[in-house]
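In: here is my input; please provide its structure:
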Amino acid sequence: MSVFEYFLILFSVVLSLALTQLISGVGELVRARPTVRWTIGYALWLTIGLSLILDLWTSLWLVRTVPKWSLATLVFLLLQASAIFLYILWLVPKPGHQENVDLGEHALEERHLYLAALTGYVIAGVITNFTVLPKEALMDWASYAILPPSLVLIAIAWLAGNRWVQLLIPAAIQSLMITYFILYFPTIG
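Out: Purely as a prediction, here's the structure:
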(Lines give C-alpha, C1' and ligand atoms only; values in the text may rest on other atoms or scores of the structure.)
Protein backbone atom coordinates (compact mmCIF):
# COMPACT_ATOMS: atom_id res chain seq x y z
CA MET A 1 0.00 0.00 0.00
CA SER A 2 1.42 3.39 -0.98
CA VAL A 3 1.44 6.44 1.29
CA PHE A 4 -1.18 8.00 -0.96
CA GLU A 5 -3.51 5.00 -0.61
CA TYR A 6 -2.99 4.92 3.14
CA PHE A 7 -3.75 8.63 3.47
CA LEU A 8 -6.68 8.37 1.08
CA ILE A 9 -8.50 6.15 3.56
CA LEU A 10 -8.44 8.78 6.33
CA PHE A 11 -9.05 11.58 3.86
CA SER A 12 -12.05 9.74 2.39
CA VAL A 13 -13.59 9.31 5.82
CA VAL A 14 -13.47 13.05 6.50
CA LEU A 15 -14.79 13.98 3.04
CA SER A 16 -17.48 11.30 3.34
CA LEU A 17 -18.56 12.79 6.66
CA ALA A 18 -18.79 16.21 5.00
CA LEU A 19 -20.87 14.79 2.15
CA THR A 20 -23.06 12.92 4.63
CA GLN A 21 -23.55 16.13 6.63
CA LEU A 22 -24.57 17.95 3.44
CA ILE A 23 -26.97 15.27 2.18
CA SER A 24 -28.55 14.53 5.56
CA GLY A 25 -28.82 18.24 6.37
CA VAL A 26 -30.62 18.99 3.13
CA GLY A 27 -32.77 15.91 3.63
CA GLU A 28 -33.82 17.12 7.09
CA LEU A 29 -34.59 20.56 5.73
CA VAL A 30 -36.75 19.04 3.00
CA ARG A 31 -38.49 16.86 5.59
CA ALA A 32 -39.24 19.97 7.67
CA ARG A 33 -40.35 21.90 4.56
CA PRO A 34 -43.59 23.29 6.06
CA THR A 35 -41.48 25.21 8.60
CA VAL A 36 -38.48 26.02 6.38
CA ARG A 37 -38.16 29.08 4.16
CA TRP A 38 -35.58 28.51 1.43
CA THR A 39 -33.68 31.27 -0.35
CA ILE A 40 -31.66 31.19 -3.56
CA GLY A 41 -28.62 32.61 -1.76
CA TYR A 42 -28.71 29.83 0.82
CA ALA A 43 -29.08 27.18 -1.88
CA LEU A 44 -26.01 28.66 -3.60
CA TRP A 45 -23.98 28.44 -0.37
CA LEU A 46 -25.02 24.76 -0.20
CA THR A 47 -23.87 24.10 -3.77
CA ILE A 48 -20.53 25.67 -2.89
CA GLY A 49 -20.21 23.00 -0.17
CA LEU A 50 -20.66 20.28 -2.78
CA SER A 51 -18.22 22.04 -5.11
CA LEU A 52 -15.61 22.15 -2.34
CA ILE A 53 -15.92 18.39 -1.83
CA LEU A 54 -15.54 17.79 -5.57
CA ASP A 55 -12.64 20.24 -5.79
CA LEU A 56 -10.60 18.60 -3.07
CA TRP A 57 -11.38 15.07 -4.24
CA THR A 58 -10.46 15.82 -7.85
CA SER A 59 -7.36 17.77 -6.79
CA LEU A 60 -6.19 14.82 -4.74
CA TRP A 61 -6.78 12.51 -7.69
CA LEU A 62 -4.43 14.64 -9.78
CA VAL A 63 -1.56 14.01 -7.36
CA ARG A 64 -2.11 10.26 -6.91
CA THR A 65 1.18 9.38 -8.61
CA VAL A 66 3.39 11.49 -6.33
CA PRO A 67 5.81 8.94 -4.80
CA LYS A 68 6.72 10.78 -1.56
CA TRP A 69 4.46 12.69 0.81
CA SER A 70 5.60 14.88 3.68
CA LEU A 71 3.72 14.95 6.95
CA ALA A 72 3.05 18.67 6.38
CA THR A 73 1.35 17.90 3.06
CA LEU A 74 -0.88 15.31 4.68
CA VAL A 75 -1.75 17.66 7.57
CA PHE A 76 -2.68 20.56 5.28
CA LEU A 77 -4.80 18.33 3.03
CA LEU A 78 -6.56 16.96 6.10
CA LEU A 79 -7.10 20.54 7.32
CA GLN A 80 -8.78 21.33 4.01
CA ALA A 81 -11.09 18.33 4.31
CA SER A 82 -11.88 19.32 7.91
CA ALA A 83 -12.62 22.90 6.81
CA ILE A 84 -15.16 21.57 4.30
CA PHE A 85 -16.82 19.50 7.01
CA LEU A 86 -17.03 22.54 9.31
CA TYR A 87 -18.29 24.76 6.48
CA ILE A 88 -21.21 22.40 5.92
CA LEU A 89 -21.80 21.77 9.63
CA TRP A 90 -22.08 25.50 10.35
CA LEU A 91 -24.09 26.25 7.21
CA VAL A 92 -26.83 23.66 7.69
CA PRO A 93 -29.19 24.39 10.60
CA LYS A 94 -30.81 21.75 12.74
CA PRO A 95 -34.50 22.40 11.95
CA GLY A 96 -35.77 20.33 14.89
CA HIS A 97 -34.42 22.96 17.29
CA GLN A 98 -36.58 25.79 15.96
CA GLU A 99 -40.23 26.12 15.10
CA ASN A 100 -39.67 28.04 11.85
CA VAL A 101 -36.39 28.26 9.95
CA ASP A 102 -35.62 31.09 7.55
CA LEU A 103 -32.54 29.82 5.74
CA GLY A 104 -31.64 33.28 4.47
CA GLU A 105 -31.68 34.61 8.02
CA HIS A 106 -29.74 31.57 9.24
CA ALA A 107 -27.08 32.17 6.59
CA LEU A 108 -26.76 35.79 7.67
CA GLU A 109 -26.51 34.92 11.35
CA GLU A 110 -24.02 32.07 10.92
CA ARG A 111 -21.95 33.54 8.08
CA HIS A 112 -18.95 34.30 10.27
CA LEU A 113 -18.63 30.61 11.17
CA TYR A 114 -19.06 28.98 7.77
CA LEU A 115 -17.14 31.74 5.97
CA ALA A 116 -14.27 31.28 8.44
CA ALA A 117 -14.19 27.62 7.44
CA LEU A 118 -14.32 28.57 3.75
CA THR A 119 -11.46 31.03 4.26
CA GLY A 120 -9.49 28.32 6.05
CA TYR A 121 -10.08 25.97 3.13
CA VAL A 122 -8.76 28.49 0.60
CA ILE A 123 -5.75 29.50 2.70
CA ALA A 124 -4.83 25.88 3.51
CA GLY A 125 -5.11 25.13 -0.21
CA VAL A 126 -2.75 27.94 -1.13
CA ILE A 127 -0.26 26.88 1.55
CA THR A 128 -0.49 23.25 0.48
CA ASN A 129 -0.09 24.05 -3.19
CA PHE A 130 2.83 26.44 -2.86
CA THR A 131 4.81 25.20 0.09
CA VAL A 132 4.27 21.56 0.94
CA LEU A 133 3.19 19.71 -2.19
CA PRO A 134 6.03 18.11 -4.11
CA LYS A 135 6.95 20.06 -7.26
CA GLU A 136 5.62 17.33 -9.53
CA ALA A 137 2.19 17.70 -7.92
CA LEU A 138 1.73 21.43 -8.58
CA MET A 139 -0.98 22.28 -11.06
CA ASP A 140 -0.82 24.94 -13.74
CA TRP A 141 -0.34 28.40 -12.17
CA ALA A 142 -3.37 29.67 -14.04
CA SER A 143 -5.60 27.39 -11.96
CA TYR A 144 -4.97 29.68 -9.00
CA ALA A 145 -6.71 32.57 -10.73
CA ILE A 146 -9.88 32.00 -8.72
CA LEU A 147 -8.22 32.16 -5.29
CA PRO A 148 -7.66 35.94 -4.88
CA PRO A 149 -11.14 36.87 -6.18
CA SER A 150 -12.67 34.19 -3.94
CA LEU A 151 -10.95 35.61 -0.86
CA VAL A 152 -12.17 39.12 -1.73
CA LEU A 153 -15.72 37.82 -2.24
CA ILE A 154 -15.62 35.88 1.04
CA ALA A 155 -14.44 39.04 2.85
CA ILE A 156 -17.32 41.04 1.37
CA ALA A 157 -19.83 38.36 2.40
CA TRP A 158 -18.28 38.31 5.89
CA LEU A 159 -18.63 42.08 6.31
CA ALA A 160 -21.95 42.73 4.55
CA GLY A 161 -25.18 41.70 6.19
CA ASN A 162 -27.24 42.72 3.18
CA ARG A 163 -29.39 39.93 1.68
CA TRP A 164 -28.56 41.02 -1.88
CA VAL A 165 -24.87 40.70 -1.12
CA GLN A 166 -25.57 37.26 0.35
CA LEU A 167 -27.25 36.31 -2.93
CA LEU A 168 -24.69 37.78 -5.33
CA ILE A 169 -21.51 36.64 -3.53
CA PRO A 170 -22.25 32.89 -3.52
CA ALA A 171 -23.41 33.19 -7.14
CA ALA A 172 -20.08 34.81 -8.04
CA ILE A 173 -18.04 32.25 -6.07
CA GLN A 174 -19.97 29.36 -7.62
CA SER A 175 -19.44 30.89 -11.09
CA LEU A 176 -15.69 30.99 -10.42
CA MET A 177 -15.74 27.37 -9.27
CA ILE A 178 -17.73 26.21 -12.30
CA THR A 179 -15.28 28.02 -14.59
CA TYR A 180 -12.40 26.39 -12.71
CA PHE A 181 -13.95 22.92 -13.12
CA ILE A 182 -14.63 23.44 -16.82
CA LEU A 183 -11.07 24.63 -17.49
CA TYR A 184 -9.10 22.26 -15.27
CA PHE A 185 -11.20 19.17 -14.70
CA PRO A 186 -13.06 18.47 -17.96
CA THR A 187 -12.41 14.77 -17.34
CA ILE A 188 -10.80 12.74 -14.60
CA GLY A 189 -8.45 9.98 -15.52
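
In: P93 contacts L103, doesn't it?
Out: Yes. With contacts defined as CB atoms under 8 Å, P93 counts as touching L103 at a distance of 7.3 Å. Quick note: C-beta positions are derived from backbone N, CA and C, even for glycine.

In: and stretch 44-62, how far out from the chain middle?
Out: 6 Å (CA atoms, centre = their mean, to the nearest Å).

In: if you could redo that for stretch 113-133, that was the one I meant.
Out: Going by CA atoms, centre = their mean, where stretch 113-133 is centred and where its chain is centred differ by 10 Å.

In: quick check: buried residues in that stretch?
Out: The neighbour-count check on stretch 113-133 (16 or more other CB atoms under 10 Å) flags 114-125, 128-129, 132-133 as buried.

In: what about those residues, which are in helices?
Out: Taking DSSP state H, the ones among the buried residues of stretch 113-133 that sit in helices are Y114, L115, A116, A117, L118, T119, G120, Y121, V122, I123, A124, G125.

In: what's the farthest-apart pair in the residues you listed?
Out: Y114 and G125 (16.5 Å; CB to CB).

In: how near is the residue positioned nearest the centre of the chain to E110?
Out: Relative to the mean C-alpha position of the chain, the nearest C-alpha, by CA atoms, centre = their mean, is the one of L52, at 3.1 Å. Distance, L52 to E110, using CB to CB, to the nearest Å: 17 Å.

In: and Y184, by the same measure?
Out: Counting by CB to CB, the gap from Y184 to E110 is 31 Å.
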